[in-house]
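A.B. asks: A structural model of the following input is requested.
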Amino acid sequence: MQRSVFALLGFVLVSLCKGQTAQTFCQEKTCPEFTLLESNQDFETRLYSDTLWITTKVASRTLPELAAASSRLKNFCETHKQAGYTTTDAWPVLITVIKDEDEENDFMSWFVPNNTPMAEISDPYVKLQTRPGGTVYVRVFHTLPNLTNGQTNREKLREDLTRAGKHFDANTYSGAAYTTYWALSHYSEIWMSAL
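C.D. replies: This is a model prediction of the structure:
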């Protein structure tokens, strides 16, 4: 876990302009819809509706395995496009960490906009996943997503939520990114679901 998801996230993902919010950034791209319930200097509280994602497991926290996971999702999109379906430029991309007892599993997911017709998935390692709607606590940060920055922001969100008396799932979290790693400025998020 100490080699957090952000070593992986930093390789593939990040976002656009410092000072933007997910909602303002998403006006240029298709993103999951949410209602902002609360915002303070430490975190946002958002209410998301059900969302659809294409998801694949990241076998290990190495750059080759991250690249392989990204390739599986890209290949699905190419096959999807060749079958006559439309592919859209949608964000964010998530790296989700799920801790189960002493084991952690990492997943990479690409957002699929609502009402998108989907081709049949022939790759057994890619699946359609519906993330149920609900309340999500979000910490925004504008630094390059790397191991240190990701861990710092994840821990800071946990501390802020605990101090605020919020109940959250401490065993599952996601790093969300909204553009490529090579962007000139970055907008990234840590997501934790409310209980």
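
A.B. asks: For this protein, give me the ranges with low pLDDT.
C.D. replies: Regions of the chain meeting the criterion pLDDT under 70 cover residues 1-28, 88-89, 145-148, 179-181.

A.B. asks: Next secondary structure after the longest strand seen in it?
C.D. replies: Secondary structure of the chain read by DSSP state E shows that its longest strand is strand 103-112. Next along the chain after strand 103-112, taking DSSP states H and E as the criterion, comes strand 126-131.

A.B. asks: for this protein, what spans make up the strands?
C.D. replies: 13-14, 34-39, 44-48, 51-58, 93-100, 103-112, 126-131, 134-141, 172-177, 179-180, 188-193.

A.B. asks: To residue 160, which of these lies closest?
C.D. replies: strand 134-141 (7.3 Å; C-beta to C-beta). The way it works is simple: take the backbone N, C-alpha and C, and place the C-beta from them, glycine included.

A.B. asks: Need the winner for burial among the strands of the chain.
C.D. replies: Between the strands of the chain, strand 13-14 has the highest mean count of neighbours, a mean of 26, where neighbours are mean count of other C-beta atoms under 10 Å.

A.B. asks: Hmm, residue 104 is touching residue 98, no?
C.D. replies: Yes. Using C-beta atoms under 8 Å, residue 104 makes contact with residue 98 at a distance of 6.9 Å.

A.B. asks: List of residues touching the longest strand of the chain?
C.D. replies: Around strand 103-112, the neighbours that count as contacts under C-beta atoms under 8 Å, 6 or more residues apart in numbering are 1, 5, 8, 12, 30-32, 51-58, 61, 66, 69-70, 73, 77, 90-98, 118, 128-129.

A.B. asks: one more time with 6 Å
C.D. replies: 1, 5, 52-58, 69, 73, 90, 93-98 (C-beta atoms under 6 Å, 6 or more residues apart in numbering).

A.B. asks: Can I get that strand in PDB? Just the C-alpha atoms.
C.D. replies: What follows is strand 103-112, C-alpha atoms only, in PDB (Å, rounded to 0.1, in the frame of the first residue of the first chain):
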ATOM      1  CA  GLU A 103      -4.800  -8.000   0.600                       C
ATOM      2  CA  GLU A 104      -5.200  -5.000  -1.700                       C
ATOM      3  CA  ASN A 105      -6.600  -5.100  -5.200                       C
ATOM      4  CA  ASP A 106      -6.100  -2.300  -7.700                       C
ATOM      5  CA  PHE A 107      -8.500  -1.600 -10.600                       C
ATOM      6  CA  MET A 108      -8.300   0.800 -13.600                       C
ATOM      7  CA  SER A 109     -11.600   2.200 -14.800                       C
ATOM      8  CA  TRP A 110     -12.600   4.500 -17.700                       C
ATOM      9  CA  PHE A 111     -15.900   6.300 -17.500                       C
ATOM     10  CA  VAL A 112     -18.700   5.400 -19.900                       C
END
